[in-house]
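K.L.:
This is the structure alone, sequence omitted:
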């Protein structure tokens, strides 16, 4: 059957070839055999780059099973595929290493199941007799990592460059008229399974960029039979005249003689009609290649855009003057022109002469099933998903582009921005083992280091593969290069090479984090625009990745203060990675889809996570709100989509913004959970939450808050976003609909006159509503000219924070580390409160404190000598603030010091974390930008600093700054010595001094426990995740419930965390059976999940994070003796009582507190 289909395919090609002598045989994706050759030896192999080897000098590596057995071993597979798709965890399963996964040291639950080594991919192919006497090339679209290509056991090709196409000369090995064995030997040296792309891997004695750690093959292989004079490449580049293109045909002469002839370039419509044609003569010497170029203009061309993706075909027809050689090739293209305009005055991006604003998302290049390459179905799904969500662009981010996807984008209309992944490894000597090598010619920048040459080949190969695609707008060398030195001659050298390969596109050096030290070029412009020393280059690209992970009122306060606001009209303004909001995949949906596939590398992860959520839902009776895990996953996804819809809509209000990039397109089960879709490109929630806000014509109602206090007016602003480039006239009418259904017209607003290139129009500023008297959700409907098509609706939650408080027994006792502030906040709500007095009897006690342990880490090498000390152990570990988890805060709070003054000694060494620290003691900055390495004289060198500080209320509060690390602390007073081993366990040093592991007790003692047993009710409001853990341990030891740990803090904004609730008195008159999103404004570091159990435990809210299969309780109730307990592990609640919105909206937080007090009072 395979042979018959192949012959039919070839005959069809032949029938349509007219006078050409070319035959193309598409190799089917099916019928391949995969065999992991685990016995193969490869780690000491010498490696070669394109143009640096002769094929006949390379070793021939036969399969260790023998050639004869190759067809009978292994498993059948369909391309594209990887070893990991079929063998994940079966050939190797071990913990991740630091160079594979960013959080490897801290996230030990994940296991790496990828295969490092050799695999064979083989298929028998029938070659028609018509191939006889022809030159035959095999085109391979992509592989990773090293590919050795064998035809009939003869080596015909070799490529080291991952995911870039290459061509093999199959002429010496091919046998027409029979089946031929194609066998491709893939070697995977390992790689990363997360987002990092700027590190190198070691293979034998060389280094090169460490890319995604999969090993496999792309589809789309083609055997091409042609004359010895043939077209080896054809491509089309656009020009500033959108209806004029430059066509290029590379002609190769493998004959022994000089050949004259001509190439006719033809522009064809989709029905193959010739629109324009130009004939160009050539004269090529034997054994040489020459690129023939011409310009063609088609005045009636329909220009390509996302709204009108009109494609044409370029056909190049070659014929020799003697008539003995002929060939032809085709290439799809579109007429279009994309470039910046007005740099230095009124900078904008233009497509075909019209201003365009790009809204995109970063895609790390992870794909469902095999991890590495998209199937045609997934590529199509990616493009339709992006357009459905309202995006007009996607980034190839830290990974090179894929033909399958770009073809779909060309056809359907979606823009693309492209990075190669790891571009800086071709510019900077970032590996310490190579720091002694120059790496390049100091004058020309020509590379000599293997890593540099590798990356240069990868970048230029990527560009050659994709430069004809109209959907591809621009290139970026490296994401987050972080202030590169523009004096480095490698940068200019690479730019010139890139421009020579494709002069028709914008090229930028880096995207974020800081926008400084940028270098870029315009299309067809030799000027290298560089940072002029002030930060100005003409292209501003800044990253804000991080943030609250949920919409907060602070993201829009008024028209001159909102997220990603810019007034920089002189430069192209790009926000290359905006904030972050992660959510889980719909694992139930994905498993159902994956059951119908040949396999997927992440199937076991999806199964484990689904099991964890299912168990939680069933055990704690969340079924009424979430009948299935899918319902819960979708509800959590609404937080993400709602957040991004609001953020992008708000950012569009800045006229200067040209390019908005959401920090996550696809998720994986290992990392990057901020994706809008999963790696099968499924949506995560209702798409209308985003696409309605991203419409090119959008009335915008911006309330100054979306959670308002009952009885007060609401301030708001009105805008019209018009990116249609067409005038809009008339009025916007605002209607208010109360929770009870009452309707009223709030205002009518006239639309200003249309201005070319202006996208944002302000219609009203600081207008107000009537007092909002009803508790519940108000809806505000803003309609353009009575058109439902252009009618938008916003909701504002109105809360009475105190509610009915008469039943609460007063005074309420308070025992926190900020009693006066908590008492003041309660009394504003009408609740009388006082500091806890254990001699008095209370109906309710509120307790909570702030405990922050940070992240503890150990030195990489436990045998490392530490200089300037005889106690290496003390310096082998440390605690750090914000690394590797930005939200993991650190503070040493030493209580009960009976002195007015203390001597504090800080013990420090640079053992592998940020060497620059900032430290405050009792609010006084004692170390400011203190560089441990510099001050100590090098890495792994001990240093101490001693400070005499006043003691405040019996407390020493040591607050390390962000990313600061401390190994040990010694506190001395006349009658007390406290020795703290910050990052390690308790141990005794050589002098007999005991250095204790740092631990802080919560504000709850035996007397309080006894009072609860006797009937005092307890409201626990821990102020941090570590505090929640400590409070839970104390209460569990007392018998209130069983406790087996907690989920812990959020790792990062792109990893995420989420709290969801069910109908329960704690959330009375608040949104329930939902995720705590915009109408709670609970930040991603604003919750924790505790693993509790017990007959009297009732869970009201749960929490999980990133890819953790465990789900814990955030809000729950229990009993201890006669007393009731409400445990609220939402750290922001005490802040809310102080009107601090850091972790939760104050009104929402106050409502939860008063609801909890009412519940305890029943």
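P.N.:
Done, it's in. It should be emphasised that the depicted structure is a prediction, and the values quoted were computed from it without experimental measurement.

K.L.:
wait, is residue 1007 part of a helix?
P.N.:
Yes. Counting by DSSP: H, G, I helix; E, B strand; the rest coil, residue 1007 is found in a helix.

K.L.:
what's near enough to touch the residue nearest to it when sequence neighbours are not counted?
P.N.:
Of all residues not flanking residue 1007 in the chain, residue 838 sits nearest, at 5.0 Å (Cβ to Cβ, 6 or more residues apart in numbering). C-beta: built from backbone N, CA, C; applies to glycine. Contact analysis of residue 838 by Cβ atoms under 8 Å, 6 or more residues apart in numbering lists 1007-1008, 1011.

K.L.:
Just give me the closest of those to residue 1030.
P.N.:
residue 1008 (14.0 Å; Cβ to Cβ).

K.L.:
ok, that closest one touching residue 845?
P.N.:
Yes. In this structure, residue 1008 is within contact of residue 845 by Cβ atoms under 8 Å, at 6.7 Å.

K.L.:
Now the common contact residues for these two.
P.N.:
Residues touching both residue 1008 and residue 845 (Cβ under 8 Å, 6+ apart) are 815, 836, 1016, 1018.

K.L.:
how many neighbours does the third one have?
P.N.:
Translated: residue 1016. 23 (other Cβ atoms under 10 Å).

K.L.:
Thought residue 1123 was touching it, still the case?
P.N.:
Yes. Judged on Cβ under 8 Å, residue 1016 makes contact with residue 1123 at a distance of 5.4 Å.

K.L.:
Please, a PyMOL command that selects the buried ones among the contacts of residue 838?
P.N.:
In PyMOL, a selection of the buried entries from the contacts of residue 838 looks like this (16 or more other Cβ atoms under 10 Å):
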select buried, resi 1008+1011
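
K.L.:
Tell me how far the residue nearest to residue 1007 lies from residue 516.
P.N.:
Remark: distance between residue 838 and residue 516 (Cβ to Cβ, to the nearest Å) = 58 Å.

K.L.:
Could you do residue 660 as well?
P.N.:
Applying Cβ to Cβ to residue 660 and residue 516 gives a distance of 20 Å.

K.L.:
So which of those two has more stuff around it?
P.N.:
residue 660 (24 against 17).

K.L.:
Tell me who's in contact with residue 912.
P.N.:
857, 859-860.

K.L.:
Please apply the same query to residue 1052.
P.N.:
546, 580, 885-887.

K.L.:
Among those, name the buried ones.
P.N.:
546, 580, 885-887.

K.L.:
for the stretch 551-700 of the chain, what spans make up the strands?
P.N.:
Using DSSP state E, counting those that start in this stretch, the strands of the stretch 551-700 of the chain run over residues 556-558, 561-562, 572-578, 657-662, 697-703.

K.L.:
partners of the shortest one in the sheet?
P.N.:
For strand 561-562, the pairing partners within the sheet under DSSP bridges are strand 556-558 (antiparallel).

K.L.:
Counting neighbours, show which residues of the strand it pairs with come out buried.
P.N.:
For strand 556-558, burial by neighbour count (16+ other Cβ under 10 Å) applies to residue 556.

K.L.:
Next, format the contacts of residue 912 as a markdown table and append pLDDT, distance to residue 1025 and neighbour count.
P.N.:
Below are these laid out as a markdown table (pLDDT from 0 to 100; distance: Cβ to Cβ, whole Å; neighbours: other Cβ atoms under 10 Å):
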| residue | pLDDT | distance to residue 1025 | neighbour count |
| --- | --- | --- | --- |
| 857 | 84 | 18 | 20 |
| 859 | 88 | 25 | 20 |
| 860 | 82 | 26 | 10 |
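
K.L.:
how near is the closest residue to residue 305 other than its chain neighbours to residue 275?
P.N.:
Distance criterion Cβ to Cβ, 6+ apart; nearest residue to residue 305, sequence neighbours excluded, is residue 351 at 6.0 Å. For residue 351, the distance to residue 275 equals 22 Å [Cβ to Cβ].

K.L.:
Tell me which residue of this protein is furthest from the middle?
P.N.:
What lies farthest from the middle of the chain is residue 322; by Cα atoms, centre = their mean that is 57.2 Å.

K.L.:
ok so, going back, could you single out the nearest of the contacts of residue 912 to residue 33?
P.N.:
Comparing those against residue 33 with Cβ to Cβ picks out residue 860 as the nearest, at 41.7 Å.

K.L.:
can you pull the contacts of the closest one?
P.N.:
Listed by Cβ under 8 Å, 6+ apart, the contact set of residue 860 reads 98, 912.

K.L.:
what secondary structure does it sit in?
P.N.:
Reduced to three states by three-state DSSP, residue 860 is coil.

K.L.:
related to what we said a few turns ago, higher neighbour count, residue 351 and residue 275?
P.N.:
Ranked by neighbour count (other Cβ under 10 Å), residue 351 and residue 275 place residue 351 first, with 21 against 15.

K.L.:
ok, what's across the strand from that one?
P.N.:
Applying DSSP bridges, one finds that residue 351 bridges with residue 338, residue 354.

K.L.:
Could you check how far it is from residue 723?
P.N.:
Residue 351 sits 12 Å away from residue 723, going by Cβ to Cβ.

K.L.:
And for residue 93?
P.N.:
For residue 93 relative to residue 723 (Cβ to Cβ), the value is 50 Å.

K.L.:
more neighbours, those two?
P.N.:
Taking other Cβ under 10 Å, residue 93 and residue 723 do not tie; residue 723 has more neighbours (20 against 12).

K.L.:
got the contact list for the closest residue to that one other than its chain neighbours?
P.N.:
Leaving out its chain neighbours, the residue that sits closest to residue 723 by Cβ to Cβ, 6+ apart is residue 696, at 4.0 Å. Residue 696 makes contacts with 721-724, as judged by Cβ under 8 Å, 6+ apart.

K.L.:
Could you dump those into TSV and include secondary structure?
P.N.:
Converted to TSV, the contacts of residue 696 look like this (three-state DSSP):
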residue	secondary structure
721	strand
722	strand
723	coil
724	coil
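
K.L.:
related to what we said a few turns ago, common neighbours of residue 351 and residue 723, please.
P.N.:
Joint contacts of residue 351 and residue 723 (Cβ under 8 Å, 6+ apart) do not exist.
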